[in-house]
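>>> got a structure for you, letters missing:
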C-alpha cells in the first residue's frame, strides 16, 4: 500500500549514505559539495549513528576488487570509552541556520547539539545588541 512505501522511502532517505564521484561517503553533505552523485548505499551498522555538527567520526567508502563495498567509520579525534560516535548529516561548512534548515527538511529534526546551541545563542545576542 502507499503508506507502507512512503515509510520505506522515508527510511531510505534518512539512513542512506550518498556516493560522490570521489568515492567519499558523507550523507547529504557529499551531494552538496558540487560532486556528482553516483548512487547511495545502506549500511545497517552505520544507520544507528547520530548526528552532531561537531562529529566525532567521518564515514568513508572502502572498495576493494572482488569484495562488496564497505563503510568505514573513522574517528576525527581520540575517543574515550563511552563517547558517542557521531557523524554529520549536513555540510559542516554551512552557516548554522542553513545546517539546521537542512536537518529539519531532510531528516525531520531540530538540531540541539552544542555547536548549534552556541551559534543560536550568539545570533540572539547579536540581535539584542
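Structure received. Note that this is a predicted model, so its numbers are computed, not measured.
>>> other residues contacting stretch 97-111?
13-14, 28, 51, 53, 89-92, 94, 116, 123 (C-beta atoms under 8 Å, 6 or more residues apart in numbering). C-beta here means a position set from N, CA and C on the backbone, and glycine is covered the same way.
>>> give the buried residues for that stretch.
Using 16 or more other C-beta atoms under 10 Å as the test for burial, stretch 97-111 gives 99-100, 102-103, 107, 111.
>>> which residues touch residue 86?
Here residue 86 is in contact with 49-52, 55-57 (C-beta under 8 Å, 6+ apart).
>>> any idea how far residue 122 is from the residue sitting furthest away from the middle of the chain?
Centroid-distance maximum for the chain: residue 129 at 33.7 Å, with C-alpha atoms, centre = their mean. Per C-beta to C-beta, to the nearest Å, residue 129 is found 11 Å from residue 122.
>>> got it, and residue 8?
40 Å.
>>> point out where this protein drops to low pLDDT.
Scanning the chain with the threshold set as pLDDT under 70 gives 19-38.
>>> try it again with 50
Low-confidence segments of the chain, defined by pLDDT under 50, are located at 23-34.
>>> mind listing the helices for it?
Counting by DSSP state H, the segments of the chain that form helices are 2-15, 28-31, 96-102, 114-128.
>>> find the nearest non-adjacent residue to the most centrally placed residue in the chain, please.
Nearest to the mean C-alpha position of the chain, by C-alpha atoms, centre = their mean, lies residue 89 at 1.7 Å. For residue 89, ignoring the flanking residues on the chain, the nearest one in space by C-beta to C-beta, 6 or more residues apart in numbering is residue 51 at 4.2 Å.
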